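Q: show me the folded form of this:
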Amino acid sequence: MTLSAAGQPRIPQPPATVAALRQALRQVAPAALPAFTRELDEAAGRSRPGSDLAPLRRFLAQWAVYVHIHRQPGPAAEFRRWEDGARSGDAAEVRRAASELGRILDEAHARVLGARPT
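A: Got it, this is the predicted structure:
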């Protein structure tokens, strides 16, 4: 895949639908597709018993945020860097990484879904 101009998203933010998010993942993070499929199946399974759509809504929101981060070269690289830091084993680095990952996720959530998560 060709990267876009520096600082520009690789693809537009897709709508938060299963099909659109799956297609976006194929372009920006194909390695995440097995997790996407597994988590979709889990969310659908949790939604069926009481016809509760909340698990599917959470799934779509989570993956819309993931795509938002990973469609942008800079934020995607920063996110991976902090994920690596979270695995470092150093307690201070793990705390800092968790804080920074939370910040990135909160910002993406606010941009994609229009509000801070509760």
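Q: quick check: longest helix of this structure.
A: Using DSSP state H, we find that the single longest helix of the chain is helix 91-113.
Q: what's that one packed up against?
A: Under the contact criterion of 3 or more C-beta pairs under 8 Å, 6 or more residues apart in numbering; DSSP states H and E, helix 91-113 touches helix 54-70, helix 73-86. For glycine as for every other residue, the C-beta is placed from the backbone atoms N, C-alpha and C.
Q: and those helices as TSV, adding distance to residue 9, mean pLDDT and mean neighbour count?
A: Below are these laid out as TSV (distance: least, C-beta to C-beta, whole Å; pLDDT from 0 to 100; neighbours: other C-beta atoms under 10 Å):
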stretch	distance to residue 9	mean pLDDT	mean neighbour count
helix 54-70	9	95	19
helix 73-86	8	93	15
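Q: could I get those helices as TSV with distance to residue 111?
A: Formatted as TSV, those follow (distance: least, C-beta to C-beta, whole Å):
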stretch	distance to residue 111
helix 54-70	6
helix 73-86	10
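Q: which of those sits closest to residue 93?
A: helix 73-86 (5.2 Å; C-beta to C-beta).
Q: what sits up against that closest one?
A: With C-beta atoms under 8 Å, 6 or more residues apart in numbering as the contact definition, helix 73-86 has outside contacts at 3-4, 6-7, 10, 28, 69-70, 93-94, 96-98, 100-101, 104, 108.
Q: that one to helix 91-113, inter-axis angle?
A: Here the directions of helix 73-86 and helix 91-113 differ by 150 degrees (axes from the mean of the first three to the mean of the last three C-alpha atoms, to 10 degrees).
Q: what residues are up against the closest residue to residue 39 other than its chain neighbours?
A: The shortest distance from residue 39 to any non-neighbouring residue, by C-beta to C-beta, 6 or more residues apart in numbering, is to residue 59 (5.9 Å). Residue 59 sits next to 39-40, 43 when contact means C-beta under 8 Å, 6+ apart.
Q: state the distance from residue 80 to residue 12.
A: As defined by C-beta to C-beta, to the nearest Å, residue 80 lies at a distance of 22 Å from residue 12.
Q: tell me the contacts of the closest residue to residue 111 other than its chain neighbours?
A: Leaving out its chain neighbours, the residue that sits closest to residue 111 by C-beta to C-beta, 6+ apart is residue 68, at 6.4 Å. By C-beta under 8 Å, 6+ apart, the contact set of residue 68 is 13, 108, 111-112.
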